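Asker: prediction below, plus the sequence it came from.
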Amino acid sequence: MRITVVGTGYVGLVTGTCLADMGNTVSCQDIDSHKIDVLNSGGITIYEPGLEELIRRNTRDERLSFTTNLAECITYCDVCFIAVGTPPDEDGSADRRYVIAAAKAIAEAMQGPLVIAVKSTVPLGTCDMVADVIQETLDSRGASHTFQVVSNPEFLKEGKAVHDFMNPDRIVIGVDDPVGARTMQVLYSDFVRNGRPLLLMSRRSSEMTKYAANAMLATRISLMNEIARMCDNVGADVMSVRKGIGSDSRIGMSFLYAGIGYGGSCFPKDVKALAQVALESDSTSNLLDAVEQVNRQQKLLLANRVVERFKGDVKGRKFALWGLAFKPNTDDIREAPALAILKRLTNAGAFVCAYDPEAMENAKKMLSHNDKVIFAKDIYETVEGADAIILATEWGAFRNPDFKRIVESMKTPIIFDGRNQYDPEEMEAHGFQYSGIGRGYKW
Ligand SMILES: NC(=O)c1ccc[n+]([C@@H]2O[C@H](COP(=O)([O-])OP(=O)(O)OC[C@H]3O[C@@H](n4cnc5c(N)ncnc54)[C@H](O)[C@@H]3O)[C@@H](O)[C@H]2O)c1
């Protein structure tokens, strides 16, 4: 098939590249000319394992191209994906402005029948809105092209995006007509050969499915974080509790890690956006509000514990911050808990010496105004003369460093393990004072 992807960010670039790798001819379009220039000159705009190689192969074989010119690629296209951002508005609702602008641009450029698939995560009724905008724009052009708008939410995880796109647990298609359904079934047929379901449902059910999935996952995380706080106070170990409940087949092990709260470009904004959907539809969002509140508190838990450990006196101290990305294997720092910790400590007058294997460039851009942040070349540089280490992102590279060297170069060997990555006894044997999440701590 011939495919256009409007919006070449995380989702658009992965979607376009993976569809090209399945033999389709794909143009990824974006209004950000810098992004397109980087991709056209053989560079890459995001860090995502396996993606660069796929881009190289598919551009070489001329199945994948990048452009700012929508009219150029949409003329002979069968399916046009909308994968632009839906950032939170001031009230927490998803800002649909970019989706609507993309729909209008598509309608201005299209030259024949087209299926428009909305991949962005959007509030209920957005696909109806997109259909209205396209119809109005075509009418104003005096054009009578037929089109179908389908909802096709994306469930990939950053850090495993290529794998997730190529091996989806399920594909959800929200569609109100048979032409749109058939086109999407053909497009995705290779992705569901392994027997995973392609679920057809109404557009609104599909839009709700995406929000409900993220709300469910965020709820599990906040529940475990709340239980972890209790564990700290009652002398239980949340890691044992996780195993104890995760072994129950009704519960399962995934998304039961206690930590420093969820971040990233999806959970925080999607939980808030769904709460706003509830408000606007005269429904309730009691649980979602609590999930969000627990997460906000959890992001500050470790920084508050650091301040408490030093009896409120952190001014002028130096803390090593390991990890800036909101999770490993990505350079995405949007809503990263590391940033909340960094802000809390530097506001209190401390210096934070940070290192992340992939997110340094993004972090430097965002934190250039903060003269209390020092960017190190590796973790060993972060710990020189440091009062404590704070582990914020569980990168594999942080698992087994030379702890002897680290302990020797620190002022005080204390480690705050925000991801329960280390074994407390082992860390104490290395000479650290250890504090995890929900595993008790002594001072
Ligand atoms: N990032 C994820 O892990 C993930 C996973 C599932 C779903 N989603 C959803 O997918 C959508 C996109 O997310 P993302 O992380 O890829 O965002 P992103 O910010 O990385 O990319 C969005 C891109 O859209 C471009 N854009 C904006 N308006 C445009 C227009 N009118 N025409 C062409 N391009 C335009 C921007 O320049 C940007 O490059 C969001 O709704 C998000 O919630 C994201």
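Answerer: Received it, and whenever you're ready, just let me know what you need.

Asker: pretty sure residue 10 sits against residue 45.
Answerer: No - between residue 10 and residue 45 there is no contact under CB atoms under 8 Å: 9.1 Å. For every residue, glycine as well, the C-beta is placed using N, CA and C.

Asker: find the nearest non-adjacent residue to residue 243, please.
Answerer: Excluding the flanking residues, the one nearest residue 243 by CB to CB, 6 or more residues apart in numbering is residue 253, at 7.9 Å.

Asker: what secondary structure does the residue in the stretch 301-443 of the chain that the ligand sits nearest to sit in?
Answerer: Closest residue of the stretch 301-443 of the chain to the ligand, CB to the nearest ligand atom: residue 332 (7.1 Å). What DSSP: H, G, I helix; E, B strand; the rest coil gives for residue 332 is coil.

Asker: next one, pLDDT for it please.
Answerer: Here, the pLDDT recorded for residue 332 equals 95.

Asker: wait, it sits on residue 324?
Answerer: No - between residue 332 and residue 324 there is no contact under CB under 8 Å: 9.8 Å.

Asker: ok so, going back, looking at residue 10 and residue 45, which is more packed in?
Answerer: residue 10 (24 against 21; other CB atoms under 10 Å).

Asker: got a list of what the more buried one touches?
Answerer: 46, 48, 158, 161, 265, 332 (CB atoms under 8 Å, 6 or more residues apart in numbering).

Asker: hmm, 6 Å instead?
Answerer: By CB atoms under 6 Å, 6 or more residues apart in numbering, the contact list for residue 10 reads residue 46.

Asker: quick one on the thing from earlier: of residue 332 and residue 324, which one has the most company?
Answerer: Neighbour count, other CB under 10 Å: between residue 332 and residue 324, residue 324 has more, with 30 against 24.

Asker: list the contacts of the more buried one.
Answerer: By CB under 6 Å, 6+ apart, the contact set of residue 324 is 333, 338, 354, 356, 359, 363.

Asker: any chance of TSV for these, columns neighbour count, secondary structure and distance to residue 344?
Answerer: Output for the contacts of residue 324, formatted as TSV (neighbours: other CB atoms under 10 Å; DSSP: H, G, I helix; E, B strand; the rest coil; distance: CB to CB, whole Å):
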residue	neighbour count	secondary structure	distance to residue 344
333	26	coil	16
338	28	helix	11
354	27	strand	14
356	28	coil	18
359	24	coil	19
363	23	helix	16
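
Asker: tell me who's in contact with the residue with the largest distance to the centre of the chain.
Answerer: The centre of the chain is farthest from one residue, residue 142, which by CA atoms, centre = their mean lies 40.6 Å away. Under the criterion of CB under 6 Å, 6+ apart, residue 142 has no neighbours.

Asker: now do the helices in the stretch 101-250 of the chain.
Answerer: All helices of the stretch 101-250 of the chain, identified by DSSP state H, counting those that start in this stretch, fall at 126-141, 161-166, 178-188, 203-234, 238-246.

Asker: alpha carbons only: can I get the very next helix or strand once past the last one in PDB?
Answerer: From helix 238-246 onward toward the C-terminus, using DSSP states H and E, the following helix or strand is helix 267-280. Listed next in PDB are the C-alpha coordinates belonging to helix 267-280 (Å, rounded to 0.1, in the frame of the first residue of the first chain):
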ATOM      1  CA  PHE A 267       0.600   8.100  31.200                       C
ATOM      2  CA  PRO A 268       0.700  11.600  32.900                       C
ATOM      3  CA  LYS A 269      -1.200  13.300  30.100                       C
ATOM      4  CA  ASP A 270      -3.600  10.500  29.300                       C
ATOM      5  CA  VAL A 271      -4.700  10.000  32.900                       C
ATOM      6  CA  LYS A 272      -5.400  13.700  33.200                       C
ATOM      7  CA  ALA A 273      -7.100  13.800  29.800                       C
ATOM      8  CA  LEU A 274      -9.400  10.900  30.700                       C
ATOM      9  CA  ALA A 275     -10.300  12.600  34.000                       C
ATOM     10  CA  GLN A 276     -11.300  15.600  31.800                       C
ATOM     11  CA  VAL A 277     -13.400  13.400  29.600                       C
ATOM     12  CA  ALA A 278     -15.200  12.200  32.700                       C
ATOM     13  CA  LEU A 279     -15.800  15.800  33.800                       C
ATOM     14  CA  GLU A 280     -17.100  16.800  30.400                       C
END
